[in-house]
Each structure stands twice: as structure tokens, then as C-alpha cells.
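# Have a look at this fold, sequence not included:
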């Protein structure tokens, strides 16, 4: 599967989203924009979307400096799946966002589908 990084234009949009909705808002935006290249970001303490210049789409840290924190691909995907489950929980609980069960279920479904894909189910 080919992965895509955020374009310069998407990076600008992500900055505005971060100011309004924080880290999880940017992660949600990345999902909606089909940004599929994610890796570990030490300052964010999570797997985050990658920008075109190999920086974190959330905080701007150059990820190449974090390479010793990046595990194998399966570990990276697992961290992304954990982020998806967290987003589902946020929408279910209304933690910083309006309660929206449809959105919560879609995040949980995407997380489960990703787990099934990496586990070969």
C-alpha cells in the first residue's frame, strides 16, 4: 500500500486546525485527507501524520531526528490504531468535541479494519 504525506497546503490547514482543535483535530483531518504516512513523534508522544518534508504534521518536529524511536512497521501501525481508538472514545464521551456516535463508530470501525489487515484476518 502506497502511503501519502501531507502537502504544503495541507500543512497550512493543519496548523489552523491545531489552533482550534489540538492534536486529535489534526489527526482527524489527516484521516479525512487520506494522509496515510504516520510515524512516531517523540514530542507528541504518539504516532502522528507525516508532512511532505518529514516533519510531524501536528507539532512540526523533524521526524528524522526521532528515527531511533521508530519501531518496525507493525508497531507504527499499532500506534496509529491506538490513536484511532482514542478518537472514537473522544467522540463517544464528548471529550473536547460534541458527542457523535456515528463518528465514534467510524473511528472504531477503521481501527478494527486496520488491525484485521495487519493481522491477516
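Structure received. Note that this is a predicted model, so its numbers are computed, not measured.

# Report the separation between residue 42 and residue 12.
24 Å (Cβ to Cβ, to the nearest Å). C-beta: built from backbone N, CA, C; applies to glycine.

# Residue 21 too?
Applying Cβ to Cβ, the value for residue 21 to residue 12 is 15 Å.

# picking up where we left off before, so for residue 42 and residue 12, which sits in the more crowded spot?
A count of neighbours by other Cβ atoms under 10 Å puts residue 42 above the other of residue 42 and residue 12, at 15 against 11.

# separation between the more buried one and residue 117?
Going from residue 42 to residue 117 by Cβ to Cβ gives 26 Å.

# One more: residue 102?
Separation of residue 102 from residue 117 (Cβ to Cβ): 23 Å.

# Same drill for those two, tell me which one is more crowded.
Between residue 102 and residue 117, counted using other Cβ under 10 Å, the more crowded position is residue 117 (12 against 7).

# pretty sure the more buried one belongs to a helix, no?
Yes. Counting by DSSP: H, G, I helix; E, B strand; the rest coil, residue 117 is located in a helix.

# Near residue 103, how many other residues are there?
Neighbour tally, residue 103, other Cβ under 10 Å: 17.

# Let's verify it: helix, strand, or coil?
For residue 103, the assignment made with three-state DSSP gives helix.

# contacting residues around it?
By Cβ atoms under 8 Å, 6 or more residues apart in numbering, the residues touching residue 103 are 88, 91.
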